[in-house]
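Engineer: sequence below, structure please.
(one chain, ligands or ions: 1)
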Amino acid sequence: MDTSLNIDWGNLPFGYHKTDYNVRCYYRNGSWGELEITSSETINIHMAATALHYGQEAFEGLKAYRGKDGKVRLFRWEENAKRMARSADGIMMEKVPEHIFKEAIFKAVKLNAKYIPPYGTGATLYLRPLLFGSGPQVGVKPANEYMFMVFVTPVGPYFKEGFNPVPIEVVRDYDRAAPRGTGSIKVGGNYAASMLPAHRAHMDGYASVLFLDALEKKYIDEAGPANFFGIKDGKYITPQSDSILPSITNMSLEQIAENIGLKVERRPVPIEELATFEEAGACGTAAIISPISKIYDRLNNVTYEYGEIAGPYSTKLYITLRAIQEAEIEDKHGWTTVIEGI
Ligand SMILES: Cc1ncc(COP(=O)(O)O)c(C=O)c1O
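Structural biologist: From the prediction side, this is the model:
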């Protein structure tokens with residue numbers, strides 16, 4: 001570790017912090033080029049690039065963890081590569097071949113190794129792969145050129161509360177994605193659509209929002225930029241919907257839930273069922289689990305309460321997943337990959 005950095009690892013926010021290098025690759029004339037390394041934080045882009053006009057853009061988010069044994073690991077990076085390929089297909093972008101994705105993320109971590117937070121601080125190195133249409137079009141058509149890049153930034157917890165329950169608010173007057181739209185891929189437009197209701201929720205004192213299915217407003221979709229789960233009667237229950245992003249964290253928690261004896265149900269979850277859960281949480285790479293203290297449904301003036309202390313199953317799931325990521329316990333499922341040489 002480089003002590004000259006002067007970073008207060010224990011108090012890092014979840015935000016952008018400059019590092020030394022980022023990695024880039026261009027798709028031009030029908031093929032992907034060589035990876036390029038740069039220290040520039042800016043990109044030079046054509047004013048008619050499709051990313052800027054038509055939202056031809058997708059991104060990923062994953063983390064590098066410094067383990068108890070001092071080694072640095074990525075968690076299920078292959079799933080991020082696959083999801084980015086699905087996102088590319090969904091909005092007609094050129095897919096990044098897996099070997100380029102891999103080389104870029106490993107390089108970006110290695111080149112910025114001094115920014116990987118030490119074990120035990122609660123902070124991690126967040127990786128942001130980004131793919132967008134960089135070629136010009138004026139009509140609504142896919143670009144002929146694409147740019148793929150990866151930057152990294154050291155981050156603290158997503159919610160300042162860390163692993164402490166947060167209140168969230170049901171949204172009924174906005175949708176983040178249409179039923180057969182782009183909700184199941186990680187494209188920028190979904191996030192633009194979520195900003196207004198999320199901002200309103202923050203102003204009202206809620207940490208996040210709970211989106212309902214856009215068609216009927218009967219079922220739970222997603223908890224802002226995270227999947228939702230509830231626990232009751234020895235079951236881990238998480239929504240099935242075509243408009244939610246398949247979360248790699250949720251996929252992993254489902255497996256851990258099974259391992260600790262919970263029955264896993266992935267099915268439509270009617271909003272009324274919120275009243276029956278013993279525990280509720282939002283899950284994703286950023287926070288692993290954010291336990292939910294209460295969910296306020298403004299229109300119906302109903303509050304569903306789960307308590308100010310995280311429930312036993314949420315705690316167990318959180319501790320187990322984190323222990324795998326930080327190599328405190330055996331990675332029985334082979335989810336982590338050591339980045340050698342740092
Ligand atoms: C809309 C949305 N849902 C869920 C997730 C959680 O996914 P993951 O666990 O793969 O980070 C994210 C974050 O990537 C997200 O943006």
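Engineer: what residues does the helix or strand where residue 199 lies touch?
Structural biologist: In this structure, residue 199 sits in helix 188-203 according to DSSP states H and E. With CB atoms under 8 Å, 6 or more residues apart in numbering as the test, helix 188-203 has contacts from 55, 57-59, 168-169, 171, 173-177, 182-183, 207-209, 211, 224-225, 245. Backbone N, C-alpha and C define where each C-beta goes, glycine included.
Engineer: now restrict those residues to buried residues only.
Structural biologist: By neighbour count, with 16 or more other CB atoms under 10 Å, the contacts of helix 188-203 hold 55, 57-59, 168-169, 171, 175-177, 182-183, 207-209, 211, 224-225, 245 as buried.
Engineer: also near the ligand: which of those, exactly?
Structural biologist: Within the set of these, contact with the ligand (CB under 6 Å from any ligand atom) is found for 225, 245.
Engineer: so which of the buried ones among the contacts of helix 188-203 belong to strands?
Structural biologist: 57, 58, 59, 168, 169, 171, 208, 209, 211 (DSSP state E).
Engineer: what separation do you get for the residue lying closest to residue 320 once chain neighbours are set aside and residue 187?
Structural biologist: Distance criterion CB to CB, 6 or more residues apart in numbering; nearest residue to residue 320, sequence neighbours excluded, is residue 256 at 5.1 Å. Counting by CB to CB, to the nearest Å, the gap from residue 256 to residue 187 is 29 Å.
Engineer: so those two - more neighbours on which side?
Structural biologist: Under the criterion of other CB atoms under 10 Å, the comparison of residue 256 against residue 187 puts residue 187 first, with 25 against 19.
Engineer: my guess is that one contacts residue 51. True?
Structural biologist: No: using CB atoms under 8 Å, residue 187 is not in contact with residue 51; the gap is 10.3 Å.
Engineer: return every residue with contacts to both of those two.
Structural biologist: With CB under 8 Å, 6+ apart, residue 187 and residue 51 have common neighbours residue 57.
Engineer: can you list the residues of the stretch 51-200 of the chain near the ligand?
Structural biologist: So the stretch 51-200 of the chain meets the ligand at residue 61 (CB under 6 Å from any ligand atom).
Engineer: single out the residue in the stretch 51-200 of the chain that lies closest to the ligand.
Structural biologist: residue 61 (4.9 Å; CB to the nearest ligand atom).
Engineer: now that residue: how far from residue 140?
Structural biologist: For residue 61, the distance to residue 140 - CB to CB - is 28 Å.
Engineer: higher neighbour count, those two?
Structural biologist: Legend: neighbour count by other CB under 10 Å for residue 61 and residue 140, higher for residue 61 (16 against 9).
Engineer: now that one, what are its backbone angles?
Structural biologist: Phi and psi for residue 61, reported as degrees, to the nearest 10, are phi -150, psi 120.
Engineer: where does it land on pLDDT?
Structural biologist: Residue-level confidence at residue 61 comes out at 98, pLDDT.
Engineer: repeat that for the one 3 residues further on.
Structural biologist: Residue 64 is assigned a pLDDT of 98 by the prediction.
Engineer: got a list of what it touches?
Structural biologist: Here residue 64 is in contact with 72, 73, 74, 109, 116, 124, 125, 127, 152, 339 (CB under 8 Å, 6+ apart).
Engineer: now stretch 6-19: average pLDDT?
Structural biologist: Mean predicted confidence for stretch 6-19 is 93.
Engineer: what does it contact?
Structural biologist: 41, 112, 115, 117-118, 121-123, 126, 151-160, 286.
Engineer: what do you get for stretch 129-148?
Structural biologist: 24-28, 32, 43, 45-51, 53-54, 56-60, 62, 80, 84, 87-88, 91-94, 96, 100-101, 104-105, 149-151.
Engineer: now do the end-to-end distance for it.
Structural biologist: Using CA to CA, to the nearest Å, the gap from the first to the last residue of stretch 129-148 comes to 7 Å.
Engineer: which residue is the nearest non-sequential neighbour of residue 174?
Structural biologist: The nearest residue in space to residue 174 (CB to CB, 6+ apart) is residue 197, at 4.3 Å.
Engineer: ranges for the strands of the stretch 201-342 of the chain?
Structural biologist: 208-211, 227-232, 235-239, 263-267, 279-284, 288-297, 302-305, 336-339 (DSSP state E, counting those that start in this stretch).
Engineer: right, I'll call it a day here.
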